[in-house]
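Predicted coordinates and the sequence they were generated for:
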Amino acid sequence: MADYSIIADASNTVLRMLKENLCPEPLQSPELVALAAPYDKNGDFQAGLFLYDMRELSEYRGTTPIRSPDNVTTFPSKPMTLNYLLFLNTKAQIAAAAEMEQRIFGKTIQTLMDNSVVNLTAVNPFVDEPEEECQVSLLNPTFEDKTKIWAALSTPYQLAVYFSVSPIFISSRRERSFSRVVAARVGIEPIRGRYGRDAPGGGDAN
């Protein structure tokens, strides 16, 4: 499984997917799509990808320890769900603003629908085991939940596309050594009788 960098790897993978599909239409250049926060004061980007929440994925809580050939057990990985929003930079000059914003959001939703599986093995080609494929799912938070997110960011509410990527697994560095059973010795001893003599079939009874 991947190391702690898997969260950043997932974000960069999604960002690259958006750059490839949002450009050159409706956005002219890939540099106009960036990892950013809605409260960023500076930046020439027009569309920002923001990781606003992450949580443990309870369905995968029962993952088992991993045994390696060198007699070491690694503790289970932590399965996570990453929640993103794609927003538009209100400080950027967007020509024909209202219509262009709707085009960007429409193309974003179309891209997420058509690329609903993310393969993180491509960004971690040297891991011992291939990464499990991640699912991209559009989220439908209530308007109240959306306003709470923007209030927590101390930023006026604005339209955005909300989606999740899961599962991703963060590997554990906690290990435990164990010993394998390589041989066993089995023996049979005679059964002693009442007066210390061998039982019939176990030795001389005279």
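Cool, the structure landed.

hey, let's count contacts and neighbours off CA atoms from now on
Will do.

where's residue 113, which helix or strand?
Using DSSP states H and E, residue 113 falls within helix 97-114.

ugh, typo on my part, it should be residue 48
If you go by DSSP H and E, residue 48 is part of strand 47-56.

so that strand versus helix 97-114, what angle?
Using axes from the mean of the first three to the mean of the last three C-alpha atoms, to 10 degrees, the inter-axis angle of strand 47-56 relative to helix 97-114 is 40 degrees.

List the buried residues of strand 47-56.
By neighbour count on 16 or more other C-alpha atoms under 10 Å, the buried set for strand 47-56 is 47-51, 56.

residue ranges for the strands of this protein, please.
33-35, 47-56, 66-68, 72-74, 78-88, 117-118, 134-138, 160-170, 175-177 (DSSP state E).

quick one, which of the ones you listed is nearest to residue 151?
strand 47-56 (12.4 Å; C-alpha to C-alpha).

Who are the packing partners of the closest one?
strand 33-35, strand 78-88 (3 or more C-alpha pairs under 8 Å, 6 or more residues apart in numbering; DSSP states H and E).

how about a markdown table for those strands, with mean pLDDT and distance to residue 7 added?
A markdown table is the format used below for these (pLDDT from 0 to 100; distance: least, C-alpha to C-alpha, whole Å):
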| stretch | mean pLDDT | distance to residue 7 |
| --- | --- | --- |
| strand 33-35 | 96 | 13 |
| strand 78-88 | 95 | 8 |
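
For residue 102, which of these is the nearest?
Once the helices and strands packed on strand 47-56 are compared by C-alpha to C-alpha, strand 78-88 is nearest, at 10.3 Å.

what comes into contact with the closest one?
38, 46-58, 60-61, 101, 158-172 (C-alpha atoms under 8 Å, 6 or more residues apart in numbering).

now the angle from it to strand 134-138?
Using the same axes, to 10 degrees: strand 78-88 against strand 134-138 is 40 degrees.

And residue 160, how far from residue 75?
Separation of residue 160 from residue 75 (C-alpha to C-alpha, to the nearest Å): 38 Å.

again, but for residue 137
29 Å.

quick revisit: reformat the helices and strands packed on strand 47-56 as JSON lines; add distance to residue 20 and mean neighbour count.
Below are those laid out as JSON lines (distance: least, C-alpha to C-alpha, whole Å; neighbours: other C-alpha atoms under 10 Å):
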{"stretch": "strand 33-35", "distance to residue 20": "10", "mean neighbour count": "20"}
{"stretch": "strand 78-88", "distance to residue 20": "15", "mean neighbour count": "21"}
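
List just the one of those that sits closest to residue 5.
strand 78-88 (13.0 Å).

Okay, now the sheet partners of that closest one, with direction.
strand 47-56 (antiparallel), strand 160-170 (antiparallel) (DSSP bridges).

Present these as JSON lines; the columns should include distance to residue 97 and mean pLDDT.
Below are the strands paired with strand 78-88 laid out as JSON lines (distance: least, C-alpha to C-alpha, whole Å; pLDDT from 0 to 100):
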{"stretch": "strand 47-56", "distance to residue 97": "13", "mean pLDDT": "96"}
{"stretch": "strand 160-170", "distance to residue 97": "15", "mean pLDDT": "94"}
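
Many thanks, I have nothing further to ask.
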